[in-house]
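J.: Just need the structure, nothing else, for what follows:
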Amino acid sequence: MDQVTALRAEHEALGARMTSFAGWLMPLHYGSQLSEHRAVREAAGLFDLSHMGTVWVSGPDAAAFLDFAVVGSISALEEGQAKYTLLCTPDGGIVDDLIVYRVGEDRYLTVPNAANTAAVIRELVERAEGFDAEITDSTRATALLAVQGPRAAEIVAPHVPEPLDDLRYYRARWTRFAGVDVLLARTGYTGEDGVEIVVPAEHAVALWHELLGTGAAAGLVPAGLAARDSLRLEAAMPLYGNELGLDVDPFTAGLGGVVGLRRKTADFVGRGALERIRAAHEAREPGRRVLVGLAGSGRRAARAGSTVLHEGREVGVVTSGLPSPTLGHPIALAVVDLAVAELGTEVEADVRGSREPFTVVERPFYRRP
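T.: Have a look, this model is predicted:
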């Protein structure tokens, strides 16, 4: 049976179409995915992200432990700073991509994907041996709300005592929101400005109502998983299970810059394998592939699993694809041979037996004004 968030009844009262996702019952949309997508691009959307994991790491060795466990330098974070990073296997595969927030001198919050929370906790516990660090899973006791869109800060600002202007991108702070202690973060997964709010689950309904009530005049609408997916794809943000997985390394996924191979902190899990993989990519060894963005000039969108062809030869596979609501043409992410990864290369995607034209383009597909 699927787990439910503290906001299940609120979603159903709003007429949400509910769907099973990563073991959770979540709102897919509240009527129109397209209108929710456009609301986030033009005003703001309110998302329930409580299915995401909330895993705390604390103790004297918390920073050193996370330096070892993930590929980024966590000890370099200032208090109140966040970092996007990867948890990799010893052979360089990706267990999960996650955000780590430093929320105290020796306290960190990690937010893994819903489908991977158990795997992330299991890996962290195993890797913590020998470190004075405690790992606590509070996913079921915590709600995560996200206000995303160009008017997000305007909507959230009246509810918190401090100005939001000084809360920069990938920064977070403890504060009071409508009288409740919360962690407020300037992060998101839509390509827009936004605020994410980590709050005890028992206060989620009150905050949900407060935001929808006061934000309506600014165009705030509830938004579901379908809009979240189309928004993140326009922003070319990877999705675990599509662009990322245990059989995908960071360099193939276009995330080589996230891997701290030049950092001076202690060794980390997978470092040796990732050094070899990087060298293979730099040497353009046969068989190496890389993630690219594709823009379609036809009307039919390629979907995950579609074959990518160049001059009649199979050269890759689409990992995510859809008609872009903002841009008005099909877009896709695909893993392709290095030989066809140059910008401007023209390829085709097999869409249900029809070959549709696409061009390799810069990512992200959409950048906010």
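
J.: what's the closest non-adjacent residue to T187?
T.: E196 (5.2 Å; C-beta to C-beta, 6 or more residues apart in numbering). All C-beta atoms are positioned from the backbone trio N, CA, C, and that covers glycine.

J.: Who is the one you found paired with across the strands?
T.: Legend: beta-bridge partners of E196 under DSSP bridges are A146, A185.

J.: Next, count neighbours for L261.
T.: Look at L261: counted by other C-beta atoms under 10 Å, it has 11 neighbours.

J.: same question but for G296, I mixed them up
T.: G296: 22 neighbours (other C-beta under 10 Å).

J.: What's the separation between the residue nearest to T187 and L225?
T.: E196 sits 16 Å away from L225, going by C-beta to C-beta, to the nearest Å.

J.: between those two, which one's more packed in?
T.: For E196 versus L225, neighbours defined as other C-beta under 10 Å are more numerous around E196 (26 against 22).

J.: That one contacts F177, doesn't it?
T.: No. E196 lies out of contact with F177 (C-beta atoms under 8 Å); the separation is 11.6 Å.

J.: Name all residues that sit in contact with the two at the same time.
T.: L184 (C-beta atoms under 8 Å, 6 or more residues apart in numbering).

J.: Name the nearest residue to the most centrally placed residue in the chain, ignoring sequence neighbours.
T.: Of all residues in the chain, the one closest to the mean position by C-alpha atoms, centre = their mean is Y189, 5.2 Å from it. Spatial nearest neighbour of Y189, chain neighbours left out: R232 (5.1 Å); criterion: C-beta to C-beta, 6+ apart.

J.: from what I can see that neighbour touches L239, true?
T.: Yes. With contacts counted by C-beta under 8 Å, R232 reaches L239, the gap being 6.7 Å.

J.: Quick check: E126 is in a strand.
T.: No. Under DSSP: H, G, I helix; E, B strand; the rest coil, E126 sits outside any strand and is assigned helix.

J.: how about it, what does it touch?
T.: So E126 contacts nothing (C-beta under 8 Å, 6+ apart).

J.: Against F65, how distant is it?
T.: E126 sits 12 Å away from F65, going by C-beta to C-beta.

J.: One more: R288?
T.: As for R288, its distance to F65 is 32 Å (criterion: C-beta to C-beta).

J.: Can you pick out the residue with more neighbours from these two?
T.: Using other C-beta under 10 Å as the criterion, R288 and F65 rank with F65 on top: 26 against 18.

J.: which SS class is that one?
T.: Following three-state DSSP, the label given to F65 is helix.

J.: On the pLDDT front, check it for me.
T.: Listed pLDDT for F65 reads 97.

J.: contacting residues for it?
T.: 57, 59, 127-128, 131, 133 are the contacts of F65 under C-beta under 8 Å, 6+ apart.

J.: now for those, which pair is the farthest apart?
T.: Across these, the longest distance by C-beta to C-beta is 13.7 Å; it joins G59 and R127.

J.: separation between the closest residue to V40 other than its chain neighbours and R228?
T.: Among residues not flanking V40 along the chain, G149 sits closest, at 4.6 Å (C-beta to C-beta, 6+ apart). Distance of G149 to R228, given as C-beta to C-beta: 12 Å.

J.: Quickly list what's touching both of these two.
T.: By C-beta under 8 Å, 6+ apart, the residues touching both G149 and R228 are T190.

J.: With neighbour numbers in mind, choose between those two.
T.: Neighbours were counted for G149 and for R228 using other C-beta under 10 Å; G149 has more, 29 against 26.

J.: wait, isn't the more buried one in contact with G194?
T.: Yes. If you go by C-beta under 8 Å, G149 and G194 touch, sitting 6.8 Å apart.

J.: where do the helices sit along the stretch 201-350 of the chain?
T.: In the stretch 201-350 of the chain, the segments counted as helices under DSSP state H, counting those that start in this stretch are 204-215, 225-234, 271-282.

J.: closest one to V318 among these?
T.: The closest of those to V318 is helix 225-234. By C-beta to C-beta, the value is 11.2 Å.

J.: Who are the packing partners of the closest one?
T.: On a contact count with 3 or more C-beta pairs under 8 Å, 6 or more residues apart in numbering; DSSP states H and E, helix 225-234 meets strand 24-29, helix 33-42, strand 313-323, strand 330-337.

J.: neighbour-wise, which of the contacts of F65 leads?
T.: In terms of neighbours by other C-beta under 10 Å, the contacts of F65 top out with V57 at 25 neighbours.
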